[in-house]
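J.: My questions are about this predicted structure, shown below with the sequence.
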Amino acid sequence: MGSKNLKFNTKTIHGGQQPDAAYGAVMPPIYQTSTYAQTTPGGHKGYEYSRSANPTRTALEKSLASIEGGEFGLAFGSGLAAIDAVLKLLAPGDEVISTNDLYGGSYRIFKKIFEKFGIVFHFVGMQGTDAVRDKINTKTKLIWVETPTNPMMNIVDIKAIASLTKGEDILLAVDNTFATPYLQLPLELGADIVMHSATKYLGGHSDTVVGALIVKDQELADKLYFIQNASGAVCGPMDSFLVLRGIKTLHVRMQRHCENGRVIAEYLKSNPKVEKVYWPGFEDHPNHHIAKEQMKDFGGMISFVPKGGNYDDAIKIVERLQVFTLAESLGGVESLAGHPASMTHASIPKEVRLKNGVVDSLIRLSIGIEDVDDLISDLEQAIK
């Protein structure tokens, strides 16, 4: 049976994979080598140098393509290295339209690195298409989408944004880190590029840093492969192995993340000491109907604001947590808590953060797969 015909839960384990040719190893070996023997100059078995390609990384890249419904996968040293490769498709004078509520590291690389090379960035609300349409012109070459967004959990209609780029020389890239391919498949909704911080849910165990790009188009893939090799920001074979291992349990982990996330979101919403909860599963969440259409479930990422809280109150809450770990990142089996204003989004100017709802009292939770009663008890004692 071809890999494309497999259901998602089977693709996570078998998609793009086959036993190792040397000894039939079920898991791809960790080819911890920088170079490969040649019988004559150019006479090799498909691999010359591990920056260009490595069998363990190839196995991961094939798996990534399979689970996202793409044709080509590329693995990088981090999610930001993957974003860097996409932006290197552009030239001075090109314009990018981006979600106004996005990960601080994405904002930083846009504004602090690529803006000085003459690339123009527009940050707009994408809950509808009007703001995006208003910014499109002949210089627009890329639309960058996060959905759900980080940390406000805003939902962007991928299919609607894709309709604006149809027939135009504009690439649509979607950061699918929060949702994962278990919940949504941007390529099927019209995106050209899917990006992941595979450090998060794909790896799933907070033990490696890896980025990923997945595309369908051969010409686009070739351009990105060239940038990947020429710039060299690749992940090593051990990191490739760890993410590939993580992908094999993605479906069962995401199911529990979603189950726990729903219970925690409802608990927080009913807590009189909580002012606001951001979770796409609520019917009153902006674009909830879009989330229902393009997502299989609503994920394990939640943000909330304690009632009457300020910066100091938020800090006290996250410091008191005992089962939740106060840490950067997300998507691991363990529950994590973060304070965006001082952690993941500190690189965004305060006035920009506040304009997009990232107030000083906002707390972001990555709901893990622990017993949900323990998580609720921990939140209860911390908020109290």
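T.: Ah, there it is. All of these numbers come straight from a predicted model, not from anything done at the bench.

J.: rest of the way, CA atoms for contacts and neighbours
T.: Noted.

J.: just so I have it, where are all the strands in the stretch 151-300 of the chain?
T.: In the stretch 151-300 of the chain, the strands defined using DSSP state E, counting those that start in this stretch lie at 171-175, 193-197, 211-215, 274-278.

J.: Strand partners (parallel or antiparallel) of the third one?
T.: What it means is strand 211-215. Using DSSP bridges, strand 211-215 pairs in its sheet with strand 72-76 (antiparallel), strand 193-197 (antiparallel).

J.: need these in TSV with mean neighbour count, distance to residue 65 and mean pLDDT, can you?
T.: Output for the strands paired with strand 211-215, formatted as TSV (neighbours: other CA atoms under 10 Å; distance: least, CA to CA, whole Å; pLDDT from 0 to 100):
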stretch	mean neighbour count	distance to residue 65	mean pLDDT
strand 72-76	26	5	98
strand 193-197	27	10	98
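
J.: Distance from stretch 94-101 to the middle of the chain?
T.: Chain-centre distance of stretch 94-101: 17 Å, with CA atoms, centre = their mean, to the nearest Å.

J.: hmm, who's touching it?
T.: 118-126, 132, 135-136, 139-146, 149-152, 154, 356 (CA atoms under 8 Å, 6 or more residues apart in numbering).

J.: Please write out the alpha-carbon positions of it in PDB.
T.: Only the C-alpha atoms of stretch 94-101 are listed here, as PDB (Å, rounded to 0.1, in the frame of the first residue of the first chain):
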ATOM      1  CA  ASP A  94       9.900  42.500  -1.800                       C
ATOM      2  CA  GLU A  95       7.000  42.800   0.700                       C
ATOM      3  CA  VAL A  96       5.700  40.300   3.200                       C
ATOM      4  CA  ILE A  97       2.300  40.400   4.900                       C
ATOM      5  CA  SER A  98       2.400  38.700   8.300                       C
ATOM      6  CA  THR A  99       0.000  37.900  11.200                       C
ATOM      7  CA  ASN A 100       0.200  40.800  13.700                       C
ATOM      8  CA  ASP A 101       0.000  38.300  16.600                       C
END
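
J.: Okay, buried residues for that stretch please.
T.: Across stretch 94-101, burial judged by 16 or more other CA atoms under 10 Å covers 95-101.

J.: Quick one: residues contacting residue 108.
T.: By CA under 8 Å, 6+ apart, the contact set of residue 108 is 347-348.

J.: and if we set it to 7 Å?
T.: For residue 108, the contact set (CA atoms under 7 Å, 6 or more residues apart in numbering) comprises residue 347.

J.: A strand includes it, no?
T.: No. Looking at residue 108 with DSSP: H, G, I helix; E, B strand; the rest coil, it is helix, so not inside a strand.

J.: Residue 31 is nearest to which of the strands of the stretch 151-300 of the chain?
T.: Distance to residue 31, taken as CA to CA, is lowest for strand 211-215 among those, at 19.1 Å.

J.: And the next helix or strand past the helix or strand containing residue 318?
T.: Using DSSP states H and E, residue 318 maps to helix 311-320. Following helix 311-320 in sequence order, the next helix or strand is strand 325-326 (DSSP H and E).

J.: what sits up against that next one?
T.: 318, 335-338.

J.: Format the strands paired with strand 211-215 as TSV; extra columns: distance to residue 382.
T.: Output for those, formatted as TSV (distance: least, CA to CA, whole Å):
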stretch	distance to residue 382
strand 72-76	38
strand 193-197	29
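
J.: Can you say which of the ones you listed is nearest to residue 297?
T.: Per CA to CA, nearest to residue 297 of these: strand 193-197, 18.4 Å.

J.: Now do that closest one against strand 171-175, angle only.
T.: 30 degrees (axes from the mean of the first three to the mean of the last three CA atoms, to 10 degrees).

J.: so how far is strand 193-197 off the chain centroid?
T.: The answer for strand 193-197 is 6 Å, by CA atoms, centre = their mean.

J.: cool, and stretch 308-322?
T.: For stretch 308-322, the distance to the chain centre is 27 Å (CA atoms, centre = their mean).

J.: buried set for that stretch?
T.: By neighbour count on 16+ other CA under 10 Å, the buried set for stretch 308-322 is 309, 313-315, 317-318, 320-321.

J.: Determine the number of other residues adjacent to residue 86.
T.: A count of nearby residues for residue 86, using other CA atoms under 10 Å, gives 20.

J.: Tell me the helices and strands packed up against the longest helix belonging to the chain.
T.: Identified as the longest helix of the chain according to DSSP state H is helix 250-270. In terms of contacts (3 or more CA pairs under 7 Å, 6 or more residues apart in numbering; DSSP states H and E), helix 250-270 is packed against strand 274-278.

J.: Just the CA atoms of the strand it packs on, as CSV, please.
T.: C-alpha atoms of strand 274-278 as CSV (Å, rounded to 0.1, in the frame of the first residue of the first chain):
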residue,chain,number,x,y,z
VAL,A,274,-9.7,34.3,36.0
GLU,A,275,-10.7,37.2,33.8
LYS,A,276,-10.2,35.9,30.3
VAL,A,277,-9.3,32.6,28.7
TYR,A,278,-8.1,32.2,25.1
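
J.: what's that strand in contact with?
T.: Strand 274-278 has contacts (CA under 7 Å, 6+ apart) with 152-153, 268-269, 302-307.

J.: And these, which of them are buried?
T.: Burial by neighbour count, judged by 16+ other CA under 10 Å, picks out 152-153, 268-269, 302-306 from the contacts of strand 274-278.

J.: Of these, which pair is most distant in space?
T.: Within those, 153 and 306 form the most distant pair, 16.9 Å apart (CA to CA).

J.: Any idea what the residue in the chain sticking out farthest from the centre is bridged to?
T.: Within the chain, the residue lying farthest from the chain centre (CA atoms, centre = their mean) is residue 40, at 42.1 Å. Counting by DSSP bridges, residue 40 is bridged to residue 43.
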